[in-house]
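K.L.:
just a sequence and a predicted model for now, questions to come.
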Amino acid sequence: MNNRLETFVKENRKAFDVMEPSAGLWAKIEQELDNKKKKKPIKLYLWMSAAAAIVVVFGLAWLYVGKLQNKDLEIADVSASYAKKEVHFAGLITEKRDSLAIFASANPELYKKFTADLKKLDEDYERLKAELPTSPNQTFVVKAMVKNREIQLQLLKQQLLIINQVDDYKRVNQI
Amino acid sequence: MQGSRAAQFELYKLYAKAMYNVALRILNYEEEAEDVLQEAFLDAFTRIVDFRQETTFGLWLKQIVINKSINYLRKRKMEFVSTDEISEVPDEDSFDDSEIRLQADEIRTAITELPDGYRVVLSLYLLEGYDHEEIAHILKISENTSRTQYMRAKKKLKSILEQKGMRDE
């Protein structure tokens, strides 16, 4: 075997690496390295914004779906008879509220007080309604809701009675 | 893990010249060799976390340089083998370089005069110290082709050197 060339190259290996890269090459590399370092935080920031956007979208979707589900569950879904009662009460309540509103201009302060009481009951009702889908005992919540309506109705009846009396008294005094 | 700029410069000073010569032997164009060198160092510095101490940094960097250089060559549509060359069996005995005066500079310039395919195989084997199995893997050719190419490259190199010798006398 003839490997004079191989041996020679091996022995004089250094003599073959004689060319030099241009002097400015390191500066170029350094510049590129700086560019890459600057790019990185921007990239991370972009990824984070994208992630945040996805979270927001999913969050909104979840809330929306949740709301839809909440809306779907009415008293009727739990108990038909209670639903009938509730509708009945609700109708009467609207009627009485309209009647009460007639006296509003004549007795603004009294009307304000009455509506505040009613508002509190209404809030209780909304709270119960919100609880309904997740409640372990839905019949219990529905009962409370109907009871709430009933109290509203009785309160309105009493308020009407009072406001009527006040109105009568005022009229008598005027004469 | 990024490493300081000073350490990076130290690595550059240590390896730039050798790597530049590796790239230049494969590519034969100084501009391309510098592009390869720049890309290779950038790659090495940004991927330094991937570097495991299985080899030295120098060998790892050399691999990057060679792969990049080969890719540049392929972009030039260079074929490492033409079909008629595959069938030929290497013929060691026919090669005799005993009469040639060997000088590093002359061999170096003679190598640059070799055709691309010959030059790459001969450089990888003779100067970068890869065996034919490794060259076959790097160039995606068969081991036998690598051997054939190397023998032919050596013959061609010899004839170039002989011509030069005659001119000198």
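P.N.:
Received the coordinates, thanks. All values reported here derive from a predicted model rather than from experimental measurement.
K.L.:
which bits of chain A sit near chain B?
P.N.:
Taking CB under 8 Å from any CB of the partner chain as the contact definition, chain A meets chain B at A:1-2, A:4-6, A:8-9, A:12-13, A:15-22, A:25-26, A:28-30, A:32-33, A:36-37. Bear in mind the C-beta positions are built from the backbone N, C-alpha and C, glycine included.
K.L.:
switch to 7 Å and redo it
P.N.:
Contact residues (CB under 7 Å from any CB of the partner chain) of chain A with chain B: A:1-2, A:4-6, A:8-9, A:12, A:15-17, A:19-22, A:25-26, A:28-29, A:32-33, A:36.
K.L.:
please pick the buried ones from those.
P.N.:
Buried by 16 or more other CB atoms under 10 Å in any protein chain shown: A:5, A:8-9, A:16-17, A:21, A:25-26, A:28-29, A:32-33, out of the residues of chain A next to chain B.
K.L.:
now chain B against chain A: closest residue?
P.N.:
Per CB to the nearest CB, the residue of chain B with the smallest distance to chain A is B:Ala104, at 3.5 Å.
K.L.:
what's the closest non-adjacent residue to that residue?
P.N.:
The shortest distance from B:Ala104 to any residue other than its chain neighbours is 3.5 Å, reached at A:Ala15 (CB to CB, 6 or more residues apart in numbering or on different chains).
K.L.:
related to what we said a few turns ago, what about the residue of chain B closest to chain A, how many residues nearby?
P.N.:
By other CB atoms under 10 Å in any protein chain shown, 16 other residues sit near B:Ala104.
K.L.:
for it, grab phi and psi.
P.N.:
Backbone torsions of B:Ala104, given as degrees, to the nearest 10, read phi -50, psi -50.
K.L.:
in contact with it, which residues?
P.N.:
Shown in contact with B:Ala104 (CB atoms under 7 Å, 6 or more residues apart in numbering or on different chains): A:12, A:15-16.
K.L.:
what helix or strand is A:Ala53 located in?
P.N.:
Using DSSP states H and E, A:Ala53 sits in helix A:25-72.
K.L.:
name the helices or strands packed onto that helix?
P.N.:
Other helices and strands packing on helix A:25-72, by 3 or more CB pairs under 7 Å, 6 or more residues apart in numbering or on different chains; DSSP states H and E, are helix B:5-27, helix B:30-46.
K.L.:
quick one: closest of the ones you listed to A:Arg127.
P.N.:
Among the helices and strands packed on helix A:25-72, the nearest to A:Arg127 by CB to CB is helix B:30-46 (58.2 Å).
K.L.:
state the distance from the residue in chain A that chain B sits nearest to to A:Pro21.
P.N.:
Closest to chain B within chain A is A:Ala15: 3.5 Å, counting by CB to the nearest CB. According to CB to CB, to the nearest Å, A:Ala15 stands 18 Å off from A:Pro21.
K.L.:
what residues are up against residue 21?
P.N.:
Since no chain was named, I'll use chain A. Neighbour list for A:Pro21: B:16-17, B:20, B:34, B:37 [criterion: CB under 7 Å, 6+ apart].
K.L.:
right idea, wrong chain: chain B
P.N.:
Contacts were defined as CB under 7 Å, 6+ apart; by that measure B:Asn21 touches A:16-17, A:19.
K.L.:
and the residue nearest in space to the middle of chain A, how far from A:Val56?
P.N.:
By CA atoms, centre = their mean, chain A has its centre lying nearest to A:Leu63, at 5.3 Å. Distance, A:Leu63 to A:Val56, using CB to CB: 11 Å.
K.L.:
before we move on, what about B:Lys140?
P.N.:
Distance of B:Lys140 to A:Val56, computed by CB to CB: 49 Å.
K.L.:
now do the domain split for the chain, please.
P.N.:
By default, I'm working from chain A. For chain A, automatic domain parsing gives the domain ranges A:7-72, A:75-174.
K.L.:
switch to chain B, please.
P.N.:
B:5-75, B:83-168.
K.L.:
low-confidence ranges in the chain?
P.N.:
The chain I'm using is chain A. Scanning chain A for pLDDT under 70 picks out A:1-2, A:38-41, A:69-73, A:175.
K.L.:
that was the other one, I meant chain B.
P.N.:
B:1-3, B:78-101, B:167-169.
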